[in-house]
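Q: I would like the atomic coordinates for the input below:
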Amino acid sequence: MHASPLTISNMSVAYQKKPVLRDVSFEVPEGKLIGIVGPNGAGKSTLIKAALGLIPRLYGEVSIYGKPYAEQRKLVGYVPQRESVDWDFPTNALDVVMMGRYGHLGWIKRPGAAEKRLAMECLAKVGMADFADRQISQLSGGQQQRIFLARALAQDAKLYFMDEPFVGVDAATEKAIITLLNELKTQGKTVLVVHHDLATVKEYFDWVMLLNVQLVDFGPTEQTFTPQKLQETYGGRLTMLDRESKSAMIVNGR
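A: Residues are numbered from 1 along each chain as shown. Below you'll find the model as predicted:
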């Protein structure tokens, strides 16, 4: 039987003894765009970081295509939150994208002409080919996000984790990102996206995960993204979901 791109069983994470994720279990279907939504402090970023082994788990198992992450690293691409990156690091856009190839090269071998050509292709895909030599500190927020997407593309992964890729980007970048995500899906890749804009969930994602420390629900967007289940996820903080205009308003949260 074909192993799922990502299976998480009974995962719990705590910061200073406070549970941030409690007993989360799910299995991700292949070739889907999956949105992870929930209020601030729901554990959305924590879920990704714990799955990637970037933060410790209290307990729980994570498997990527049926094996531990350590054995499947090459199959996984990760786009972190933009604010978690040191943008003053003295490097240019092309070098950042080429870092995506290190998993394939190993640390000893230097990237050569083939890697550079691939990195340029990835930059072109996100509309950033003209910025290859630009220092990353000189790029706008939207441009920085595109560079990170290009780096993830260069990894040529099968499973992608993206932590709030749409935050702080302009409309053109948002459109470029979703076009790219759909292209990855067309290639049979699986993409999990931490997302905060409820108004675009139905438009963007095939499946959605509703998370608030515990897993509220996970499944096809049409069945899962309902006013009742959103109320369950956000509690009293969700004050309005207008289905006609697809707009959602959250108070006391983002």
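Q: Quick check: Gly219 touching Leu210?
A: No - here Gly219 does not reach Leu210: they are 9.3 Å apart, not a contact under C-beta atoms under 8 Å. For glycine as for every other residue, the C-beta is placed from the backbone atoms N, C-alpha and C.
Q: Which one's more surrounded, these two?
A: Leu210 (24 against 15; other C-beta atoms under 10 Å).
Q: part of a strand, is that one?
A: Yes - according to DSSP: H, G, I helix; E, B strand; the rest coil, Leu210 belongs to a strand.
Q: Let's verify the spatially most central residue of the chain: helix, strand, or coil?
A: Centrality entry for the chain: nearest residue to the mean C-alpha point is Met162, 1.4 Å, by C-alpha atoms, centre = their mean. The three-state label for Met162, taken from three-state DSSP, comes out as strand.
Q: which residues does it contact?
A: Each residue near Met162 by C-beta atoms under 8 Å, 6 or more residues apart in numbering is listed here: 78-79, 152, 191-194.
Q: how about 10 Å then?
A: 36, 48, 77-81, 145, 148-149, 152, 177, 181, 191-195 (C-beta atoms under 10 Å, 6 or more residues apart in numbering).
Q: again, but for Ser140
A: Contacts of Ser140 by C-beta under 10 Å, 6+ apart are 146, 168-170, 173.
Q: circling back to that earlier point, overlap in contacts of Gly219 and Leu210?
A: 225, 229.
Q: pLDDT weak spots in the protein?
A: 1, 102-111, 236-254 (pLDDT under 70).
Q: which residues in it form strands?
A: Applying DSSP state E to the chain gives strands spanning 6-15, 18-28, 33-37, 59-63, 76-79, 159-163, 190-194, 207-212, 214-220, 238-242, 247-250.
Q: Please tabulate those in JSON lines, including the columns distance to Gly53.
A: As requested, the strands of the chain are exported to JSON lines (distance: least, C-beta to C-beta, whole Å):
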{"stretch": "strand 6-15", "distance to Gly53": "12"}
{"stretch": "strand 18-28", "distance to Gly53": "14"}
{"stretch": "strand 33-37", "distance to Gly53": "18"}
{"stretch": "strand 59-63", "distance to Gly53": "8"}
{"stretch": "strand 76-79", "distance to Gly53": "10"}
{"stretch": "strand 159-163", "distance to Gly53": "12"}
{"stretch": "strand 190-194", "distance to Gly53": "16"}
{"stretch": "strand 207-212", "distance to Gly53": "19"}
{"stretch": "strand 214-220", "distance to Gly53": "20"}
{"stretch": "strand 238-242", "distance to Gly53": "33"}
{"stretch": "strand 247-250", "distance to Gly53": "31"}
